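# sequence-free structure coming up:
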C-alpha cells in the first residue's frame, strides 16, 4: 500500500485527487498538511487522518511514501524540491512551476533522488486526443498548417472559482496558467514546440489577473497554433481544430464528436471518427510508475514545455512583443 499525504487544499482539484487516492486499491491517505492550518485541519477531520502542521515533520515521516501537491503555484518549487529530497514520490497539479528555472530545479531534484513524478495534464489521456494523434500520424491532413484549441468556463462571473484563484502572487497568472494550460499543452502536443509565442490578455472582471486570454504559437515552417481560454464565457464548448494541406479535423463544434474531411480519402463530405478508449488517469499512471520503477518521460517533457510556453506568454504580455523560445 502506498501511503499518501495531501499537501494543501488550496487548489479546486485537491478534493478530486483525494478521491483518486481513496478509490485506488493501492493507495491510502495518511496525513494532510496545509499552509492554512484551519483549512488543513478541516480536511483532515473529514478524511479521518492526522493534520501535520509542520511540513518538515511530515517530510521526515517514514510512514509517508508519496505526496499530492495542490498548494498555491508559487509554493510548488519549494514544496516539491523538499519532497524529492525527502524521498517522497510526487503527484502535482499543473503547472509544475511558474518559471522554467524553478521547473528545471524540481526535475533535477527528482532525478537526483529517483522518486517518481507525474504532473496532472488530464486531457492528454482523453479519447479525442488519441483520435487527433492517430489522424495526424496517418497523414490524412497532409502538412499541418493551423491548430486551434479552446477551453473556457464562467467561473469568474458565476462566482464558483475561489477568490484566491485571482491572486497574481499565488497563481502566477490567471485564466491562461490555470484553465489555459489544457489548450496550450494540447497545441504543443499536436504541433510541437513553436519558434515564438505572442499572447494577449483581457480583464473583463477587473481583477489583477487575466480572465480572458489567447496565446499564438508561430513555427519556422509557417504553421500557427492558437490556444484560447476564458473565465467569463457561459456556454463555450471545448473545441479542437486541426487544419492541413490535405484536410481538416474538427471536434466539439459544439457537440463532443469528431469530424474529418480529407482529400486523401476523396471525401466529398464530412465523416465522423469513432473515438478510441481513453487512457487511465494521470493519478493511476503515477501509481503505476511508482510500482514498476518507470519514469513518466512524455508527461514530464510536456510539463516542462508547458512552463516554457506559459512563461513566454506572460513575458509577451508584459513586454508587448513576440517572445522567441530560444530566449528562455
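Thanks, I have the structure now. What you see is a predicted model; the values in this text were computed from it and never measured.
# from here on, contacts and neighbour counts on C-alpha atoms
Fine.
# ok, residue 264 touching residue 138?
No - applying Cα atoms under 8 Å as the test, residue 264 and residue 138 come out as separate, 10.1 Å apart.
# Could you list the residues in contact with stretch 113-126?
With Cα atoms under 8 Å, 6 or more residues apart in numbering as the test, stretch 113-126 has contacts from 84-85, 87-96, 110, 129-130, 182, 186, 277-283, 285-286, 289-290, 293-296, 299-300, 303.
# Quick one: residues contacting residue 288.
Contact analysis of residue 288 by Cα under 8 Å, 6+ apart lists residue 294.
# Could you pull out the buried residues of whichever strand or helix holds it?
Secondary structure from DSSP states H and E places residue 288 in helix 282-292. Across helix 282-292, burial judged by 16 or more other Cα atoms under 10 Å covers 282, 283, 284, 285, 286, 287, 288, 289, 290.
# List just the nearest of these to residue 8.
Ranking the buried residues of helix 282-292 by separation from residue 8, with Cα to Cα as the measure, puts residue 283 on top at 16.9 Å.
# doesn't residue 20 make contact with that closest one?
Yes - the pair residue 283 and residue 20 qualifies as a contact (Cα under 8 Å) at a distance of 7.0 Å.
# still on that earlier bit, and the furthest pair within the buried residues of helix 282-292?
282 and 290 (12.4 Å).
# Okay, helices next: where are they in the stretch 151-300 of the chain?
With DSSP state H, counting those that start in this stretch, the ranges of helices along the stretch 151-300 of the chain come out as 155-158, 168-171, 181-191, 282-292, 297-319.
# pLDDT averaged over the third one - what is it?
So that's helix 181-191. For helix 181-191, mean pLDDT rounds to 98.
# buried set for it?
Buried residues in helix 181-191, counted by 16+ other Cα under 10 Å: 181, 182, 183, 184, 185, 186, 187, 188, 190, 191.
# Tell me how far the closest residue to residue 83 other than its chain neighbours lies from residue 10.
Sequence neighbours aside, residue 59 is the residue nearest to residue 83 in space, at 6.4 Å (criterion: Cα to Cα, 6 or more residues apart in numbering). Using Cα to Cα, to the nearest Å, residue 59 is found at 19 Å from residue 10.
# for the stretch 101-250 of the chain, which spans come out with low pLDDT?
Nowhere does the stretch 101-250 of the chain drop to pLDDT under 70.
# mind listing the strands in it by residue range?
In the stretch 101-250 of the chain, the strands defined using DSSP state E, counting those that start in this stretch lie at 117-120, 144-152, 196-202, 212-218, 224-230, 239-244, 247-251.
# Thank you, goodbye.
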